[in-house]
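Participant: dropping a prediction and its sequence here:
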Amino acid sequence: MKVMKFGGTSVGQPDRMHQVAATVTEQKEPKIVVLSALSGTTNALVSISDALSAGDKPAAKKIIDGLDKHYQTFIKGLLKDADYQQKAKAAIAEHFEFLNIILKISFSDALNKDILAQGELMSTKLFAIYLEEQGVPHLWLPALEFMRIDANEEPDLKAIKTDLSKILKKHSKVDLFVTQGYICKNIRGEVDNLKRGGSDYTASLIASAIKASVCEIWTDIDGMHNNDPRIVKKTRPIEVLSFEEAAELAYFGAKILHPTCIWPAQQAHVPVKLLNTMAPKAKGTTIQDNEDGIGAKAVAAKDGIIAIKIKSSRMLLAYGFLRKVFEVFEKYRTPIDMITTSEVAVSLTIDSDQHLKAIVKELEPFGTVSIDKDQAIVSIVGNAIVEEKAVLLNIFETINHIPVRMISYGGSRHNISFLVPASSKNEMLQVINKGVFGLD
Ligand SMILES: Nc1ncnc2c1ncn2[C@@H]1O[C@H](COP(=O)(O)OP(=O)(O)O)[C@@H](O)[C@H]1O
Ligand SMILES: N[C@@H](CC(=O)OP(=O)(O)O)C(=O)O
């Protein structure tokens, strides 16, 4: 059995959803299809929640009505038969009734999660009705029956495995399941989610739980490219990546893949394939256990980075200093991305300013704290790049005019990261494309 995940861009227009159905039905192997919400929907749902939490009901109502209109048009393009159109309208109406009811009740975090879950519920229902119109046997599988997170808001893979295998056993004759990405239930039994972009995570967790033959992530581009196609003109797809390389690229900004989605597949040795819904025959990228080739394979960039420097002469010859610093970040559940130290200072980066004020306050007793906002991390990833002298020389020559604030080198064999001002990010990606990858 395989898992096929189609993202918001792959189901965001009726003809693309038709293409998804064609791709799914072309392949004989039994499969679980995971869908995201139509592109733009989750953003709209977030805006509805934001408006409600700010007490602005008219603004929320306006977004709900706009979204409703979008779905009415979508249904007309998706389905030919009037009866099926009617069925789809009725299915979608339930969700808009819910959204209209919440305008009348008081807003809470649990309600926020319920609002965010509507997108994937609607996209999978529409897709299932289209399959029905096409006469394709399938089962609509509610992810809320098996996708779970634990008390730490981490997926409970054991429970997912147990519940999913029961469901699959019960429906052993079914060859095509359609389920929702992103949504899950939490420890309190409430609707929750795997955080933005989490449908890739759903696919990988399912693939791991059922030990799928492959976890296919279908999107709007033919695999992981060597550079960000939204920023540089010429990029090329990468055929093979190891799990480690893919994890670094996803974590450091390659938007095509959600960073969390690597570990479940990796732990079950399930290969992950990145494929293009619009060009289903293109090779795409295979992410697998084995390492392949040596040298730089890709560069990615992560925005919104904040650099924090703690300078203290007390650090000199002291032990336990870094532990105290790390404990502050642990307390505020704020991950550190990059870190460099000297004998009298430590510089590190975080990607969220949610607890910045409190963190700075707690760091101040340790020394002088300074903050640089608007930074970006640019990471060059490849197999054993840190061991290849020529590659290193080339990288440093290529970027010698860019103001680099921090360098992380040697943390892994696969990655060299540079902290640069956000204003230098695009230029850095462009010069690396030419100097390191030979693409103009
Ligand atoms: N290195 C990269 N390789 C491929 N795509 C990338 C890369 N970096 C950024 N992207 C962007 O990721 C997009 C696909 O991701 P996303 O929009 O999340 O897809 P989906 O809606 O299918 O989940 C592509 O359209 C592309 O612009
Ligand atoms: N719809 C959710 C989950 C998701 O993964 O979407 P996509 O596959 O389009 O990135 C979001 O926008 O966050």
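Facilitator: Thanks, I have the structure now. Numbers count the residues shown, from 1 in each chain. Ligands and ions are numbered 1, 2, ... in the order given.

Participant: minimum distance to ligand 2, which residue of the stretch 151-300 of the chain gives it?
Facilitator: Among the residues of the stretch 151-300 of the chain, S199 lies closest to ligand 2, at 3.2 Å counting by CB to the nearest ligand atom. Placement of C-beta: from N, CA and C, glycine included.

Participant: so that residue makes contact with E120?
Facilitator: Yes. Using CB atoms under 8 Å, S199 makes contact with E120 at a distance of 7.3 Å.

Participant: who has more neighbours out of those two?
Facilitator: Per other CB atoms under 10 Å, whichever of S199 and E120 has more neighbours is S199, with 30 against 27.

Participant: distance of T349 from D374?
Facilitator: 12 Å (CB to CB, to the nearest Å).

Participant: please identify which of these two sits among more neighbours.
Facilitator: Of the pair T349 and D374, T349 is the one with more neighbours under other CB under 10 Å, namely 24 against 13.

Participant: who's in contact with the more buried one?
Facilitator: I305, I306, A307, I308, I336, D337, M338, I339, Q375, I377, M406, L419 (CB atoms under 8 Å, 6 or more residues apart in numbering).

Participant: next: S53.
Facilitator: F107, N112.

Participant: same question, E29
Facilitator: By CB under 8 Å, 6+ apart, the contact list for E29 reads M1, K2, S213.

Participant: for the stretch 201-350 of the chain, what spans make up the helices?
Facilitator: With helices called from DSSP state H, counting those that start in this stretch, the stretch 201-350 of the chain shows them at 243-251, 262-267, 321-331.

Participant: what sits up against stretch 155-164?
Facilitator: By CB under 8 Å, 6+ apart, stretch 155-164 touches 145-150, 184, 194, 201, 205-206, 208-210, 264.

Participant: 10 Å instead?
Facilitator: 32, 141, 143, 145-150, 177, 179, 184-187, 194, 198, 201-202, 204-206, 208-211, 260, 263-264, 267-268 (CB atoms under 10 Å, 6 or more residues apart in numbering).

Participant: the bottom helix or strand of the chain by mean pLDDT?
Facilitator: helix 389-398 (a mean of 88; mean pLDDT, DSSP states H and E).

Participant: check the gap between the closest residue to G66 other than its chain neighbours and V420 for me.
Facilitator: Once flanking residues are discounted, G66 sits nearest to A44: 7.4 Å by CB to CB, 6 or more residues apart in numbering. Going from A44 to V420 by CB to CB gives 33 Å.

Participant: neighbour count: the two, which is higher?
Facilitator: Neighbour count, other CB under 10 Å: between A44 and V420, V420 has more, with 21 against 18.

Participant: these two touch, right, the more buried one and M428?
Facilitator: Yes. With contacts counted by CB atoms under 10 Å, V420 reaches M428, the gap being 5.7 Å.

Participant: mutual contacts of these two, please.
Facilitator: A301, A376, V378, I399, I402, P403, V404.

Participant: re the thing from before, may I see the ChimeraX selection of the buried members of the contacts of E29?
Facilitator: Selection of buried members from these for ChimeraX, criterion 16 or more other CB atoms under 10 Å:
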select :1,2
